[in-house]
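Colleague: Below is the structure, and that's it, no one-letter string:
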């Protein structure tokens with residue numbers, strides 16, 4: 001029985017390590033897909049209702065985003081954010097630029113851009129996306145209180161599963177196993193049964209049960 005317990009503990013630690021290494025990429029891919037779809041809808045709307053210059057600047061940002069130069073991505077995003085802060089373009093540019101900065105291991109700049117979205121975005125869903133991304137970065141830095149504060153803010157019901165799941169990650173990192181288990185259970189219940197992300201939540205929940 002002791003050998004079995006040791007094996008289960010090793011599996012738990014392997015899962016924790018895997019999730020720590022891959023959490024941001026998986027969560028980022030999920031949220032960026034939302035931003036990209038919304039960005040296209042925003043493009044269609046604001047192309048008709050905002051200045052032509054805003055559309056041109058956002059188009060240039062998208063072009064830079066397809067390259068590998070983070071500096072140019074940030075400059076292009078800043079141009080949209082500075083000149084057209086109230087448009088849908090600006091918040092999406094900031095979110096996508098933050099993702100680019102995470103990819104090149106510049107979390108400080110990414111956090112600044114995410115906070116900008118929280119402070120300026122007119123769309124509640126975009127603010128929720130930014131809070132999730134920022135909370136994940138704070139978790140990486142072991143700033144648990146700040147991450148939890150971000151996750152405990154009011155948000156759209158559509159994001160209940162993601163917020164609860166990330167709260168579970170923060171609580172698990174603090175060694176609060178029972179609280180983490182409750183958070184993962186809520187996340188599992190609130191996530192679309194057809195979503196592959198739900199399987200990841202189940203894996204983490206099962207790992208906590210195994211490790212109890």
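Modeller: Cool, got the structure. Please read all numbers here as calculations on a predicted model, not as lab measurements.

Colleague: residues touching the residue nearest to residue 198 when sequence neighbours are not counted, list them.
Modeller: Nearest non-adjacent residue to residue 198, counting by C-beta to C-beta, 6 or more residues apart in numbering: residue 191, 4.4 Å away. For glycine as for every other residue, the C-beta is placed from the backbone atoms N, C-alpha and C. Neighbouring residues of residue 191 by C-beta atoms under 8 Å, 6 or more residues apart in numbering: 161, 162, 165, 197, 198, 201.

Colleague: which among the residues you listed gets closest to residue 126?
Modeller: Within these, proximity to residue 126 (C-beta to C-beta) peaks at residue 162, which comes in at 14.0 Å.

Colleague: most neighbours, which of the contacts of residue 191?
Modeller: With neighbours taken as other C-beta atoms under 10 Å, the top of those is residue 165, carrying 26 neighbours.

Colleague: from the contacts of residue 191, which is closest to residue 122?
Modeller: Among the contacts of residue 191, residue 162 lies closest to residue 122 (C-beta to C-beta), at 21.0 Å.

Colleague: Now residue 117: which helix or strand?
Modeller: Using DSSP states H and E, residue 117 sits in helix 107-120.

Colleague: Could you report the pLDDT at the residue positioned nearest the centre of the chain?
Modeller: The residue lying closest to the centre of the chain (C-alpha atoms, centre = their mean) is residue 133, at 3.0 Å. Confidence at residue 133, expressed as pLDDT, is 93.
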